[in-house]
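# pasting a predicted model and its sequence here:
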Amino acid sequence: MSRIQFGRRSFLGIGMAGGLTSLSVSRLLAQTAKNGDRPGSAKNVLVILEQGGMSHIDTWDPKPESLADNRSPYKPINTNAPGIQFTELLSRTSQVADKLTVIRSMHHKNGIASGHPKGTQYALSGHVPGGPVEMPDIGSVVGHRINSHCSYLPSYIMAPGNHEQAKMTTRGFLPPGNEVYKTGGRDLSDPKWKVSGLGLNEAIGAERIRSRLRLLNEIDLGFPVHSSSDAESWMASMEQAEESLFHPQSEKAFALEDETHSIREEYGRGHRGQCYLLGRRLIEQGVRFVTIDVREPMTGKTPGGSNLNWDHHDFIYANGTCNLPGAGGGGRGRYGIGTWWMMGSVDQAFSALIRDMDDRGLLDDTLVCFVTEFGRTPKLNKHQGRDHWTGAYSIVMAGAGVPGGQVIGASNKQGGYVTEDAYTPEDYAATVYSKLGLHLGDPLRTQDDRPIFLSAEGQPIRGV
């Protein structure tokens, strides 16, 4: 193990609250844009990751002509975009359809990512998991290649990042500084919710920390590292930690209580609504890449619920809990897709997000992506649920020059297979990179200098 000489910032962490070091580590080595990259139509990206496999035929891609035994009970409704229909579960979102592009032809080419962990990793990275090299998240790549406008926060933030599939985030072969920063927080609707580690250690205080910085300015300390890259990472970590520690906006960026009462009500006072609102708030601060991964937490308001994501294997159309007699087990912790805890809160929060970002001018240069890792089967199973399905599903994009009021691609009348303009998560990733101005032909490099292309199997989605 080699050693490297560090200057005064080697000891900066002594004065920080515990969580700040992990926050600052996620911004390392992301300070210089690669030669060849050009400014794109998007400056920032906000991803709404609704994990669990949302049913496309109950939401974005209604199928009123499917067989009666398998048909969704939720009827198609017109949107404010001529010729486009969603189901009635998206009644509020239907009124901002003129800002949205719905891609109804997403699919997977193989079954490798048909389960939630690998499916989530596929959605996060745009690469099929399990290859010879672990591929980084799209957000990690973006943070590595482009400066962030927000110097006091990480380039790639996930909020809250605490459900079981959030562990599938990865920086892959990129340096440690490209790790996602997860805010944590079980319930963002709780008035006491705070991001830990975003303040000075009160037992030490600002003046003592500044005094230590002055003292350490003259000290070099041998620090054990495995490589010069590790050393640069830690040096950059300490430098950014100092800025985060003393910058007045570090804590304010997450202060939902600073939002007006009317805005918080518009998004919805539940966990999901406040997560979406936090996403807008972080984009407004200039954070380059934000992922909101949200599910309503289990509370006394949701009896019989234990994991309120979209994995509706049982009684998908229940009026409350899916944990009903005859449930097979896979989806018993859900609530029915039509309940407020599921699509009700999504419809409210997403429509509010699009309106709010448009009103603030943020849609002009922010790419908003609403994604899920796959869809649900067009056929109901024996437990009156829908199982995992990768043959066809939908995602949505808006902002940063994405034309509104359009549908791209199509699935058949049952919603089982793509019939027009098929796209994959690789194409989704290529679209995000291209919108940001990253050149797909300019590869990343592994530690052994192996070239890795951003989206070797993908092409930007036409019409987006």
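Done, it's in.
# which stretches of the stretch 201-350 of the chain form helices?
Using DSSP state H, counting those that start in this stretch, the helices of the stretch 201-350 of the chain run over 206-216, 228-246, 249-252, 261-267, 271-285, 345-359.
# contacts only, for the residue most central in space within the chain.
Taking Cα atoms, centre = their mean, the centroid of the chain lies closest to residue 291, which sits 2.3 Å from it. Counting by Cβ atoms under 8 Å, 6 or more residues apart in numbering, residue 291 touches 47, 49, 124, 139, 156-159, 161, 180. Backbone N, C-alpha and C define where each C-beta goes, glycine included.
# show me what it is bridged to.
Residue 291 has these beta-bridge partners by DSSP bridges: residue 47, residue 158.
# nearest to residue 458 among the contacts of residue 291?
Among these, residue 124 lies closest to residue 458 (Cβ to Cβ), at 14.3 Å.
# hang on, the closest one in a strand?
No. Assessed with DSSP: H, G, I helix; E, B strand; the rest coil, residue 124 is helix; it does not lie in a strand.
# so what's it up against?
Taking Cβ under 8 Å, 6+ apart as the test, what residue 124 contacts is 49, 137-139, 168-170, 291.
# tell me the buried residues within these.
Buried subset of these (neighbour count, 16 or more other Cβ atoms under 10 Å): 49, 137-139, 168-170, 291.
# which of the residues you listed fall in strands?
Counting by DSSP state E, those place 49, 291 in strands.
# care to break this structure down by domain?
Domain assignment of the chain by automatic domain parsing yields the ranges 1-30+210-247, 31-198+254-451.
# please identify the most buried of these.
domain 31-198+254-451 (a mean of 20; mean count of other Cβ atoms under 10 Å).
# that one - what's its average pLDDT?
Average pLDDT, domain 31-198+254-451: 94.
# confirm for me that residue 337 is in contact with residue 90.
No. Between residue 337 and residue 90 there is no contact under Cβ atoms under 8 Å: 11.5 Å.
# need the overlap of contacts for the two.
Contacts common to residue 337 and residue 90, judged by Cβ under 8 Å, 6+ apart, are residue 343.
# nearest spatial neighbour of residue 155, skipping sequence neighbours?
residue 143 (3.3 Å; Cβ to Cβ, 6 or more residues apart in numbering).
# same question, residue 406
Nearest to residue 406 is residue 101, by Cβ to Cβ, 6+ apart, at 5.1 Å.
# give the contact list for that neighbour.
Counted by Cβ under 8 Å, 6+ apart, residue 101 has contacts 396-398, 402-404, 406-408, 463-464.
# ok, and the closest non-adjacent residue to residue 172?
Residue 172 sits nearest to residue 136 (Cβ to Cβ, 6+ apart), 3.4 Å away.
# before we move on, the earlier item: indicate which one of the domains of the chain is closest to residue 458.
Proximity to residue 458 (Cβ to Cβ) singles out domain 31-198+254-451 among these, at 3.1 Å.
# using CSV, write out every CA atom in stretch 392-402.
Output of stretch 392-402 as CSV, limited to C-alpha atoms (Å, rounded to 0.1, in the frame of the first residue of the first chain):
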residue,chain,number,x,y,z
ALA,A,392,-44.1,-4.1,-23.6
TYR,A,393,-44.3,-1.2,-21.1
SER,A,394,-44.4,2.6,-21.0
ILE,A,395,-42.2,5.4,-19.9
VAL,A,396,-42.7,9.2,-20.1
MET,A,397,-40.4,12.1,-20.9
ALA,A,398,-40.9,15.9,-20.8
GLY,A,399,-38.9,19.1,-20.9
ALA,A,400,-35.6,20.0,-22.5
GLY,A,401,-37.0,20.3,-25.9
VAL,A,402,-39.0,17.0,-25.8
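# for that stretch, what is the distance to the chain centroid?
14 Å (Cα atoms, centre = their mean, to the nearest Å).
# now the closest residue to residue 375 other than its chain neighbours: how far from residue 374?
Once flanking residues are discounted, residue 375 sits nearest to residue 393: 3.0 Å by Cβ to Cβ, 6+ apart. Residue 393 sits 5 Å away from residue 374, going by Cβ to Cβ, to the nearest Å.
# same question for residue 138.
Residue 138 is 17 Å from residue 374, by Cβ to Cβ.
# so who does the residue nearest to residue 172 touch?
Per Cβ under 8 Å, 6+ apart, neighbours of residue 136: 125, 144, 170-174, 178, 444.
# now these in CSV, with distance to residue 71?
CSV is the format used below for the contacts of residue 136 (distance: Cβ to Cβ, whole Å):
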residue, distance to residue 71
125, 35
144, 46
170, 39
171, 43
172, 42
173, 46
174, 46
178, 45
444, 46
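# among those, name the ones in helices.
Counting by DSSP state H, the contacts of residue 136 place 125, 144 in helices.
# for residue 425, state which of the contacts of residue 136 is nearest.
The closest of the contacts of residue 136, once distances to residue 425 are taken by Cβ to Cβ, is residue 125, at 8.0 Å.
# distance of that closest one from residue 452?
From residue 125 to residue 452 the distance is 11 Å (Cβ to Cβ).
# shared neighbours of the two, which are they?
residue 135.
# next one: phi and psi at the residue nearest to residue 375?
Backbone dihedrals for residue 393, given as degrees, to the nearest 10, come out at phi -160, psi 180.
# residue contacts, it?
Residue 393 sits next to 53-54, 56, 106-107, 372, 374-375 when contact means Cβ under 8 Å, 6+ apart.
# against residue 45, how distant is residue 352?
Per Cβ to Cβ, residue 352 is found 19 Å from residue 45.
# so who does the residue nearest to residue 90 when sequence neighbours are not counted touch?
Of all residues not flanking residue 90 in the chain, residue 347 sits nearest, at 5.4 Å (Cβ to Cβ, 6+ apart). By Cβ under 8 Å, 6+ apart, residue 347 lies in contact with 89-93.
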